[in-house]
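**Student:** no sequence on this one, just coordinates:
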């Protein structure tokens, strides 16, 4: 940094204006001081009431919460990431198998519920629906 020849000793940058990471701010009596530019952050809407949120991310987070619950109960779980099938999570335990459909906020509609009820599975298989409501620690559960 060097001083220019003007009265009051304004600061002058030795870097070009295109590559400078600060801007000038004028203060009283013709003085100017350099201000560092702060990088702009993108603000996330997660956790804010009344703001929109990524629904896919919210559903994925709730599926992982269901997986943690099942794993703590002794199941080995896998997740159907594309959700093209009827069930989101398959949990295999020592004595039974659990099929779980995860929903956020609402229960499945009548057509989807009928598909889940009519899904062919062995006798030692349990079919569950986990409905996660906002700001709740545990899901509401239905079993067929």
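**Tutor:** Looks like it came in fine. None of the values given here were measured: they were computed from a predicted structure.
**Student:** quick one, strands of this structure?
**Tutor:** Applying DSSP state E to the chain gives strands spanning 2-3, 11-12, 22-26, 32-36, 76-79, 89-92, 97-104, 125-132, 140-143.
**Student:** Leaving out the residues flanking it, which one is nearest to residue 138?
**Tutor:** Nearest non-adjacent residue to residue 138, counting by Cβ to Cβ, 6 or more residues apart in numbering: residue 69, 7.7 Å away. For every residue, glycine as well, the C-beta is placed using N, CA and C.
**Student:** Can you read off the pLDDT for the closest residue to residue 55 other than its chain neighbours?
**Tutor:** With Cβ to Cβ, 6+ apart as the criterion, residue 55 has its nearest non-adjacent residue at 7.6 Å, and that residue is residue 104. Looking at residue 104, its pLDDT is 92.
**Student:** what's the burial count for residue 104?
**Tutor:** Residue 104 has 17 neighbouring residues, counting by other Cβ atoms under 10 Å.
**Student:** Make sure it is actually in contact with residue 59.
**Tutor:** Yes: counting by Cβ atoms under 8 Å, residue 104 touches residue 59, with 5.4 Å between them.
**Student:** just to revisit the earlier point, name the residues linked to the residue nearest to residue 55 by a beta bridge.
**Tutor:** residue 132 (DSSP bridges).
**Student:** what ranges of the chain fall below the confidence cut-off?
**Tutor:** Along the chain, the model assigns pLDDT under 70 to residues 1-51, 83.
**Student:** Report all helices and strands that the helix ranked longest in the chain contacts.
**Tutor:** The helix that spans the most residues within the chain, counting by DSSP state H, is helix 55-72. Counting contacts by 3 or more Cβ pairs under 8 Å, 6 or more residues apart in numbering; DSSP states H and E, helix 55-72 packs against strand 76-79, strand 89-92, strand 97-104, strand 125-132.
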